[in-house]
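Trainee: what follows is a predicted structure for the sequence shown.
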Amino acid sequence: MLPRVAILIPSKNDEMFIGTTLLSLFREAACYRDAGGSVTICAVNDGSTDRTPAVMAGMRGLSPVEFTFIDRAENKGVTYSLDEAFTAVGPGAEVVLRCDADARFIRSGWLQTMVSFLMSDERVGAVAPLMVFPDGTVDSHGVDYLPLGRTLVLHNREYFAQPIAPIAEVDAVLGAYCLMRTSDWQIDTGYYLWREDEDQCLVLRQKGKKCFSIGLIEVVHYNRMRRARVSERVSVADWQRQNAPAVDRRKQFDDGARLIARAVLPEPVRELVRRVVRPRPAAPPAPSPSARIWAESSARFASRWGFPNPEPWVYTPPEKRKWSDEDRRALAASAAGRLLGPRYQADGGREGQEIIGRYLATHPGGLLGPQVTAV
């Protein structure tokens, strides 16, 4: 008998994706039910201003399993919505899966595989699939912090050229499709969005649990399609760096002009000149809402786990994403570093490899269920 699964899916302004994502979940829920399990789905509208709630409401009649829809006009954030959904459907389940509205799987049979691996060992705390973008490039195969600092495994090909592991132990997994036991569910609603999934994983690690990314299963993440290119975001620091020569030249001109004016111009003329409005560099742009939220979440994550550098690396050039030696030493001495450090020692990954090896030995190929391409 397969354990009962509760699927939580918060959504805000996702009318482009939520319909097909729910259909994909309905199809997988039916496969899991046919294999002997049961599923309940809870979708939460988190204050959408588009047609997302209408699409969600219209999908209720198509669900082959129990489907709960929570429609909330006020936007309170992803963590609040997940906690609300868990309160509604989580207690009656043994396993909980949190989902993003803008991601869906390529093949069916993935839920049974993820549940099977999660339940194969008590030390398995969180499981997530390999995440790819629509063009096939890798989004994430988990998150590692040491020794490079926070980086998505295989996120940047120039850093990670190794083949994708069928199953890999990682420090944390992203929350787009993260599976864990109901008894392990704990989410900090102090986060509005982002980093709360990593926080969940570190809490699991405090309990002695491990996190794994399954490269055998791919989920397509469409988040690139709904956000501006990184190159279009200009931070205040970038603006200051780009405009430094112009600002410096302006200051030199002002200083020279002031000296000359004092020497040769009478005071009435100098006063007239002072009243003349001269063009200056434009004011630095205010941080985008996304950059502000990421910075706030990173600061909270840093304060909770002792991370030395909460800089929102996702908005920085790839060549600057590696932390300095000083940052790495500070991280190693932090609460997170003491928690994660043993994994990076000579035999630190032995337990994780034993769990993976035992599972693959008893599940040839690693995948369960009907392997058909999901439309």
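Mentor: Everything's here; your move. Owing to the predicted nature of the structure, the values given are computational and were not obtained by experimental measurement.
Trainee: can I get the CA coordinates of stretch 31-50 in CSV?
Mentor: Output in CSV follows, covering the C-alpha atoms of stretch 31-50 (Å, rounded to 0.1, in the frame of the first residue of the first chain):
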residue,chain,number,x,y,z
CYS,A,31,-1.4,6.9,-12.1
TYR,A,32,-0.5,6.9,-8.4
ARG,A,33,-4.0,6.0,-7.5
ASP,A,34,-4.0,3.1,-10.0
ALA,A,35,-0.8,1.9,-8.4
GLY,A,36,-2.5,1.6,-5.1
GLY,A,37,-1.9,5.0,-3.5
SER,A,38,-4.2,8.0,-2.8
VAL,A,39,-3.7,11.7,-3.4
THR,A,40,-5.3,14.9,-2.3
ILE,A,41,-4.5,18.2,-4.0
CYS,A,42,-4.8,21.7,-2.5
ALA,A,43,-4.4,24.7,-4.7
VAL,A,44,-4.3,28.2,-3.2
ASN,A,45,-4.9,31.5,-5.0
ASP,A,46,-2.6,34.0,-3.3
GLY,A,47,-4.2,37.3,-4.2
SER,A,48,-4.0,37.0,-8.0
THR,A,49,-5.0,39.9,-10.1
ASP,A,50,-5.4,37.9,-13.3
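Trainee: list the buried residues of that stretch.
Mentor: By 16 or more other CB atoms under 10 Å, the buried positions in stretch 31-50 come out as 31-32, 37-48. Where you see a C-beta, it was placed from the backbone N, CA and C, and this is true even at glycine.
Trainee: quick check: Ile355 touching Arg123?
Mentor: Yes - contact criterion CB atoms under 8 Å: Ile355 and Arg123 qualify, at 6.4 Å.
Trainee: between the two, which contacts overlap?
Mentor: With contacts taken as CB atoms under 8 Å, 6 or more residues apart in numbering, Ile355 and Arg123 have Lys210 as neighbours in common.
Trainee: how are the helices of the stretch 101-250 of the chain distributed by residue range?
Mentor: Along the stretch 101-250 of the chain, the segments classed as helices by DSSP state H, counting those that start in this stretch run 110-118, 196-206, 236-264.
Trainee: what's the least confident stretch among the ones you listed?
Mentor: The weakest mean pLDDT among these belongs to helix 236-264, with a mean of 56.
Trainee: hmm, back to that, quick one, which of Ile355 and Arg123 is more surrounded?
Mentor: Higher neighbour count among Ile355 and Arg123: Ile355, with 20 against 13, using other CB atoms under 10 Å.
Trainee: now, which of the buried residues of stretch 31-50 lie within helices?
Mentor: If you go by DSSP state H, those have Cys31, Tyr32 in helices.
Trainee: filter the buried residues of stretch 31-50 down to the ones in strands?
Mentor: Judged by DSSP state E, the buried residues of stretch 31-50 include Val39, Thr40, Ile41, Cys42, Ala43, Val44, Asn45, Asp46 as members of strands.
Trainee: ok, and the closest non-adjacent residue to the second one?
Mentor: The one in question is Thr40. Sequence neighbours aside, Glu66 is the residue nearest to Thr40 in space, at 4.3 Å (criterion: CB to CB, 6 or more residues apart in numbering).
Trainee: what of the third one?
Mentor: Computed as CB to CB, 6+ apart, the closest residue to Ile41 that is not its neighbour in sequence is Ile7, at 4.5 Å.
Trainee: ok, the first one next?
Mentor: What sits nearest to Val39 in space, not counting adjacent residues and going by CB to CB, 6+ apart, is Ala29, at 4.1 Å.
Trainee: before we move on, which element is the one you found in?
Mentor: Secondary structure from DSSP states H and E places Ala29 in helix 18-34.
Trainee: mind listing what's buried in that helix?
Mentor: For helix 18-34, the neighbour count (16+ other CB under 10 Å) marks 18-29, 31-32 as buried.
Trainee: what distance do you get for the residue nearest to Ile41 to Ile293?
Mentor: When distance is defined by CB to CB, to the nearest Å, Ile7 is 25 Å away from Ile293.
Trainee: okay, these two: which has more neighbours?
Mentor: The residue with more neighbours, out of Ile7 and Ile293, is Ile7; 27 against 18, by other CB under 10 Å.
Trainee: my read is the more buried one is in a strand, agree?
Mentor: Yes - judged by DSSP: H, G, I helix; E, B strand; the rest coil, Ile7 forms part of a strand.
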